[in-house]
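Trainee: Build me a model from this:
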Amino acid sequence: MKSITLHKLDSALAEKLEQVAHERGQSLNRAAQDLLRVALGIDRSPVIDRAEVFRDQFGTWSQEDLDEFNRRNADMSQVDPRDWED
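Mentor: Residues are numbered from 1 along each chain as shown. The predicted structure is shown next:
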């Protein structure tokens, strides 16, 4: 296996690499290797469906739910001009 050393990394790049390593629970070396593999097309990064990741936490509304919400909150869209007087 070959080893390399990177010199003169700007602070933004170094901080981002440290952040990625921390978020992934990896060493700086492992994070840099993984990022290089993806950037060079050796490994493909899995595509994450963010909507699917959070779907169970937020749920979805049926058309009936939306209609009821709009009906119950219809008065919120009415403006009373007296509210804007001094």
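Trainee: Beyond the one helix or strand in the chain whose mean pLDDT sits lowest, next helix or strand please.
Mentor: For the chain, scoring each helix and strand by mean pLDDT, DSSP states H and E identifies helix 50-58 as the least confident one, at a mean of 77. Using DSSP states H and E, the helix or strand that follows helix 50-58 towards the C-terminus is helix 63-72.
Trainee: Give the buried residues for that next one.
Mentor: Buried residues in helix 63-72, defined by neighbour count with 16 or more other C-beta atoms under 10 Å: none. For glycine as for every other residue, the C-beta is placed from the backbone atoms N, C-alpha and C.
Trainee: And for stretch 23-35?
Mentor: Buried residues in stretch 23-35 (16+ other C-beta under 10 Å): 31, 32, 34, 35.
Trainee: What distance do you get for the last one to residue 14?
Mentor: What it means is residue 35. Residue 35 sits at a distance of 13 Å from residue 14 (criterion: C-beta to C-beta, to the nearest Å).
Trainee: so where's this protein uncertain?
Mentor: Along the chain, segments meeting pLDDT under 70 span 45-47.
Trainee: Which parts of it are helices?
Mentor: Taking DSSP state H, the helices of the chain run over residues 11-24, 28-39, 50-58, 63-72.
Trainee: Switch those over to CSV; also include distance to residue 85.
Mentor: CSV is the format used below for the helices of the chain (distance: least, C-beta to C-beta, whole Å):
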stretch, distance to residue 85
helix 11-24, 50
helix 28-39, 59
helix 50-58, 39
helix 63-72, 28
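Trainee: And those: which comes nearest residue 79?
Mentor: helix 63-72 (17.0 Å; C-beta to C-beta).
Trainee: Could you list the residues in contact with that closest one?
Mentor: residue 61 (C-beta atoms under 8 Å, 6 or more residues apart in numbering).
Trainee: how about 6 Å then?
Mentor: Helix 63-72 is contacted from outside by no residue at all, using C-beta atoms under 6 Å, 6 or more residues apart in numbering.
Trainee: now that helix, how far from the centre of its chain.
Mentor: 29 Å (C-alpha atoms, centre = their mean, to the nearest Å).
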